[in-house]
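>>> attaching a predicted model along with its sequence, questions to come.
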Amino acid sequence: MDSIKRLTPFIAVSTQLQPADMGTLAAAGYRCVINNRPDNEGEQQPSSAEMQAAAQANGLDYHHLPVVSGQIRDADVEAFNALLAQVRGPVLAYCRTGTRSCSLWALSEAHHLDPLALLATAREAGYDLSGLAPRLEQRWQDAPRAEPSHASPGQRYDVVVVGGGAAGCAVTASLLKRQPGLRIAVVEPRDQHHYQPGWTLVGAGVFDRARTERPMAQCIPPQAQWVHAAVAAFEPEQQCVVLEDGTRLAYRALVVCPGLSLDWGAIDGLEETLGRNGVTSNYRFELAPYTWRLVQELREGRALFTQPPMPIKCAGAPQKALYLSCDWWQREGRLGAIQPEFCSAGAALFGVADFVPTLMGYIERYGVNLQLTTQLVKVDGQARRAWFRQTDKDGQVHELEKTFDLLHVVPPQKAPRFIRDSVLANAEGWVEADHETLRHPRFGNIFSLGDVCAAPNAKTAAAVRKQAPVVAENLLAVLAGRGPRALYDGYGACPLTVERGKVVLAEFGYGGKLLPTFPLDPRVPRRLAWDLKVRAMPGIYFDMMLRGREWLAEPKHLPHEPLAVEAPAACDFERERK
């Protein structure tokens with residue numbers, strides 16, 4: 001039917017329909033018809049009763065919401081908005097020319113969509129709503145900004161995004177950039193959003209902690225509905241997410257990106273002493289300043305820095321804390337009286353072999369005692385003692401006891417419990433996903449990205465920057481009835497802060513393939529990379545990535561749907577053991 005103009009995946013508008021059209025609409029996948037035309041408005045106009053009977057005979061829901069041409073009241077807009085919140089889509093709304101229905105849609109969405117985006121969408125569908133511009137602008141200005149809300153039982157969305165961290169905000173922005181009218185719910189219980197890559201710099205006295213925190217309301221795109229709640233379970237067969245209070249959110253597509261959990265309790269005694277007795281971690285917002293205080297106060301003794309088994313978020317962060325601390329002690333003339341040790345559960349210093357020689361140069365420069373295959377298992381803060389499980393070359397396991405004056409701990413990490421216990425998880429507890437399309441292999445309208453995704457890439461914000469456009473394009477393709485064709489190449493980045501003022505910008509993809517952004521040798525520490533890390537990246541994160549401005553993030557496309565693929569790990573810390 002040429003008269004149908006799709007505005008969003010959820011709603012389309014049309015000129016006057018006939019009872020005979022209902023079978024065609026049902027075959028096209030529509031589930032609901034809304035008639036915005038009063039009865040007896042024109043000659044040869046089917047009555048609402050006739051249209052309702054034809055719709056119901058073809059299994060379609062039908063609603064009559066009559067609006068007088070040229071006299072759309074605020075009450076009409078609110079009624080239309082309330083109706084859209086209740087019905088199952090896709091929806092087709094019609095009137096004599098379609099203009100009334102399109103106007104109702106635009107006015108109902110103006111509380112959370114930019115008026116220019118609404119006017120452009122209408123224009124592409126063939127409707128000039130420029131006369132509504134002042135009214136759209138007023139509704140936009142009067143609307144509250146990204147306030148948290150409680151979910152309404154039975155609410156249905158085009159997309160539900162689980163998680164309001166880097167991945168959740170970025171993919172929501174990328175989706176809305178492509179389809180401004182999408183009805184998206186972002187489920188996130190936290191009130192604050194953190195720029196976690198900045199915590200290493202807080203722990204080195206370079207950043208103030210406040211620079212890494214913003215209200216969640218400023219980070220979730222205002223066009224989306226922020227559901228201020230936590231997820232308890234998934235019902236993919238029913239296309240529902242279950243919240244902790246039992247409320248169910250229905251979706252057409254689901255994006256799962258709640259991040260990961262830091263397992264502080266996996267190290268015996270750690271939780272009791274964390275944040276005192278010289279025990280700290282840059283992996284917690286409130287503890288990064290304590291790291292800097294300890295570094296400044298230490299004048300002699302042993303400083304232990306630990307790294308747990310993979311996977312963890314930002315695999316380079318444990319040694320970033322080591323390098324920046326040692327650099328400061330060296331500049332202060334204290335390093336000779338301090339014995340730094342790096343105890344890593346991995347068999348290699350770094351998971352991409354190309355960068356190991358450069359990093360080993362800094363290990364030697366700072367006089368670091370490097371202990372590989374050595375995992376922290378227990379801490380006694382008051383006694384200033386730590387115990388490690390070390391595996392030798394023959395596979396024999398030994399327990400080591402070490403004293404310390406400063407202990408920087410990176411905890412083991414795992415998927416959140418509600419993910420591990422769900423049908424979406426693989427055997428290790430992470431959300432299953434094809435490594436290229438990021439689509440779930442068993443549930444075709446579910447995607448994942450970020451730290452919780454099982455793809456064997458480095459779990460970094462840089463990875464999310466490349467993943468978000470891939471998920472956005474593939475999800476919209478699925479909603480349109482096509483297969484996913486955008487590919488993720490495993491890109492991730494670890495800006496390794498080897499000294500104050502220089503960074504090794506490690507960028508790599510699946511299999512450890514180097515993927516440098518700039519035409520420079522990425523193994524060389526550079527001031528340029530430091531400036532990028534310290535000056536540019538916070539702005540790129542907050543003002544570009546979380547706003548859908550995809551800088552150097554255009555995904556690769558195939559002309560056909562790709563086959564399922566299992567990619568080799570991007571960052572392999574066990575390589576030297578093999």
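Arrived safely.

>>> hey, what's Gln339 bridged with?
Arg302 (DSSP bridges).

>>> residue contacts, it?
Going by C-beta atoms under 8 Å, 6 or more residues apart in numbering, Gln339 touches 301-303, 367, 369. Placement of C-beta: from N, CA and C, glycine included.

>>> 10 Å instead?
With contact taken as C-beta atoms under 10 Å, 6 or more residues apart in numbering, Gln339 is in contact with 300-304, 367-369, 404-405.

>>> tell me which element the most centrally placed residue in the chain is part of?
The chain has Ala167 as the residue nearest its centroid, 1.1 Å off, counting by C-alpha atoms, centre = their mean. Element membership for Ala167, per DSSP states H and E: helix 166-178.

>>> swap in Ala493?
Assigned by DSSP H and E, Ala493 belongs to strand 492-499.

>>> who does that strand pair up with?
Take DSSP bridges as the rule and strand 492-499 pairs in its sheet with strand 502-508 (antiparallel).

>>> can you point out the buried residues in the next helix or strand after the partner strand?
Counting by DSSP H and E, the element after strand 502-508 in chain order, helix or strand, is helix 527-531. Neighbour-count burial for helix 527-531 flags 529-530 (criterion: 16 or more other C-beta atoms under 10 Å).

>>> which secondary structure elements does helix 527-531 contact?
Judged by 3 or more C-beta pairs under 10 Å, 6 or more residues apart in numbering; DSSP states H and E, helix 527-531 is in contact with strand 492-499, strand 502-508.

>>> could you export that helix as PDB, CA atoms only?
Only the C-alpha atoms of helix 527-531 are listed here, as PDB (Å, rounded to 0.1, in the frame of the first residue of the first chain):
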ATOM      1  CA  ARG A 527      53.300  12.600  24.600                       C
ATOM      2  CA  LEU A 528      50.600  12.800  21.900                       C
ATOM      3  CA  ALA A 529      48.900   9.700  23.300                       C
ATOM      4  CA  TRP A 530      49.200  11.100  26.800                       C
ATOM      5  CA  ASP A 531      47.400  14.300  25.700                       C
END
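
>>> Leu7 is in contact with Ala120, isn't it?
No - look at Leu7 against Ala120 with C-beta atoms under 10 Å: they stay out of range, at 11.1 Å.

>>> neighbour-wise, which of those two wins?
Between Leu7 and Ala120, counted using other C-beta atoms under 10 Å, the more crowded position is Leu7 (24 against 13).

>>> for Tyr251, see how far away that one is.
Per C-beta to C-beta, to the nearest Å, Leu7 is found 19 Å from Tyr251.

>>> need the three-state assignment for Ala117.
Assigned by DSSP: H, G, I helix; E, B strand; the rest coil, the conformation of Ala117 is helix.

>>> count of neighbours near the closest residue to it other than its chain neighbours?
Using C-beta to C-beta, 6 or more residues apart in numbering and skipping the chain neighbours, the partner closest in space to Ala117 is Pro180 (4.1 Å). Around Pro180 there are 18 other residues, counting by other C-beta under 10 Å.

>>> also Phe418?
Quick note: Phe418 (other C-beta under 10 Å) scores 18 neighbours.

>>> doesn't Ala233 make contact with it?
Yes - if you go by C-beta under 10 Å, Phe418 and Ala233 touch, sitting 6.5 Å apart.

>>> who touches both of those two?
242, 244.

>>> am I right that Lys378 falls within a helix?
No - read with three-state DSSP, Lys378 is strand and lies in no helix.

>>> how far out from the middle of the chain is the strand holding Ala493?
Here strand 492-499 is found 21 Å from its chain centre; the criterion is C-alpha atoms, centre = their mean, to the nearest Å.

>>> circling back to that earlier point, so which elements touch the helix holding Ala167?
So helix 166-178, by 3+ C-beta pairs under 10 Å, 6+ apart, packs with strand 156-162, strand 184-187, strand 192-194, helix 216-219, strand 248-256, strand 446-448, helix 461-479.

>>> reformat these as JSON lines; add mean neighbour count and mean pLDDT.
Below are these laid out as JSON lines (neighbours: other C-beta atoms under 10 Å; pLDDT from 0 to 100):
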{"stretch": "strand 156-162", "mean neighbour count": "27", "mean pLDDT": "96"}
{"stretch": "strand 184-187", "mean neighbour count": "25", "mean pLDDT": "98"}
{"stretch": "strand 192-194", "mean neighbour count": "17", "mean pLDDT": "96"}
{"stretch": "helix 216-219", "mean neighbour count": "20", "mean pLDDT": "93"}
{"stretch": "strand 248-256", "mean neighbour count": "23", "mean pLDDT": "96"}
{"stretch": "strand 446-448", "mean neighbour count": "28", "mean pLDDT": "99"}
{"stretch": "helix 461-479", "mean neighbour count": "25", "mean pLDDT": "97"}
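
>>> if anything else comes up later, I'll come back, but that's it for now.
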